[in-house]
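In: One predicted model, sequence on top.
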Amino acid sequence: MFDFETNPAITAEISIDSSGSVQTLTATINLNDVNELTVQDFSVSIDENPSNGLSLGTVEASGEGTLSYSITSATPTGALTIDAGTGELTVTDATLFDYETNPVITAEVSVDQSGSVQTLTATINLNNVSELYAQDLSAYINENPSNGQYIGAIYATGDDPISYTITAQYPDGAVDIDASTGQLTVADSALFDYEQNGSVEVYVSVENSGNTESVSAFIYISNEREIGDYAYGGVIFWMNETKDEGLVCTITDLNNGNTIQWHNGSNISTGAIATAIGTGQANTSAIVSSQGTGSYAASLCDELVLNNYSDWYLPSIDELGEIYANREIISATSSAKGGTNLSIVNWSSTEQTGNVNNAYIYIFAAGQSPSLNAKANQANVRAVRSWSDF
């Protein structure tokens, strides 16, 4: 009742009785107006992971005149802001509203009324929400891997057990996924062929209780040098074990596909008797040095400039043997690149030791082995050159 705003003056009539003689007086209590301020602690529950700027509610305070609000401390710092004029609390840093890190966020709020200050506590209780985050994958793998070979794993985080399912892949059947770990492995190595598929696309559904994310995995297939590849000016027909050097042959026979003799008109010893892989260049140089200018098998190769390469030569018999062994894929690649199939009879640069009349040839038919042919006879020519990735 002693509230200035309700009853600024309180009065009472008082009767005084003295043996029947009664007197009345008035008692008056004048109230002084006092600056009043009351506040109430604030509490609210919200789901974790809100948006920045979300209103959490307004703190309750009452008093005369203008009230101003400020946060004096908060745990964690920087999570909240308050409107100085209205007391509305809002989310400032949504990343701090993470149940796993900060299940409860608190702030001490100061309310000022013309110098009269009261403090209240604001408490925000976070509700744990089932969460799921998954990320696309980019991976690289060399062509011709082994079935079961590890490629990479889909990265995902969240509550509860997470499961992984392939929803689509191109080409179909290329990849398997571990349902509990998200690890991708090769399912069909034949599909990891750079010449047929430069990449594999996999689409994955990632799930936990109540959440689903769709992600993609792009697997880029790296080209590895292979017999039959078209590179370094021709078709690869031989490589060393580490595949960093090898030999290529032209995609067509020289001399416009016509046959030609081995010698330059006479049978002389050229010293070109080496047989091994890697000796064809030296054989060719020896033949040209001995026989001079003219139109014959070794000179056609020695003078050839093709695909910006000028180091072509006539293969030794073992080098020609590698062409014979891979004749089917060489012919297929040659035809695909606008060339021609290998011819039946082909010269090597290896002459017969001790007999100046003969040189070695290969007959490109099943079951054949090196044989001798008179240098004056006709045969076809495929030039070769060496390459290196050094």
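Out: Nice, I can see it.
In: Give me the spatial nearest neighbour of Ala139, chain neighbours excluded.
Out: The spatially closest residue to Ala139, leaving aside those adjacent along the chain, is Gly152, at 3.8 Å (Cβ to Cβ, 6 or more residues apart in numbering). Every C-beta, even on glycine, is put in place using the N, C-alpha and C of the backbone.
In: quick one, what contacts the residue nearest the centre of the chain?
Out: In the chain, the C-alpha closest to the average C-alpha coordinate belongs to Ser138, at a distance of 1.9 Å (Cα atoms, centre = their mean). Ser138 makes contact with Ala217, Phe218, Tyr220, according to Cβ atoms under 8 Å, 6 or more residues apart in numbering.
In: isn't there a helix covering the residue nearest to Ala139?
Out: No: counting by DSSP: H, G, I helix; E, B strand; the rest coil, one finds Gly152 to be strand, located in no helix.
In: what pairs with it across the strands?
Out: Leu184 (DSSP bridges).
In: Repeat that for the one 4 residues further on.
Out: Using DSSP bridges, the bridge partners assigned to Ala156 are Ala134.
In: ok, it touching Val206?
Out: Yes: Ala156 is within contact range of Val206, at 4.9 Å (criterion: Cβ atoms under 8 Å).
In: any common contacting residues for these two?
Out: Residues touching both Ala156 and Val206 (Cβ under 8 Å, 6+ apart) are Leu132, Ala134, Ile162, Tyr164, Gly182, Glu213, Val215.
In: burial count for the last one?
Out: Other residues near Val215 come to 18 when the count uses other Cβ atoms under 10 Å.
In: how about it, what does it touch?
Out: Contacts for Val215 (Cβ under 8 Å, 6+ apart) come out as Ala134, Gln135, Asp136, Leu137, Ile154, Ala156, Tyr203, Val204, Val206.
In: let's see 6 Å
Out: Listed by Cβ atoms under 6 Å, 6 or more residues apart in numbering, the contact partners of Val215 are Ala134, Asp136, Ile154, Val204.
In: What helix or strand is it located in?
Out: Assessed by DSSP states H and E, Val215 sits inside strand 211-222.
In: repeat for Thr165
Out: Using DSSP H and E, the secondary-structure element containing Thr165 is strand 163-170.
In: residues in contact with that strand?
Out: Ile154, Val175, Ile177, Ala179, Gly182, Glu201, Val202, Tyr203, Val204, Ser205, Val206, Glu207.
In: So which of the residues you listed belong to strands?
Out: Val175, Ile177, Glu201, Val202, Tyr203, Val204, Ser205, Val206, Glu207 (DSSP state E).
In: and the two most separated of these?
Out: With distances taken as Cβ to Cβ, the most widely separated pair in those is Glu201 and Glu207, at 20.3 Å.
In: The two: which has the busier surroundings?
Out: The residue with more neighbours, out of Glu201 and Glu207, is Glu207; 19 against 15, by other Cβ under 10 Å.
In: For this protein, which segments count as helices?
Out: Using DSSP state H, the helices of the chain run over 280-291, 297-302, 317-325, 327-336.
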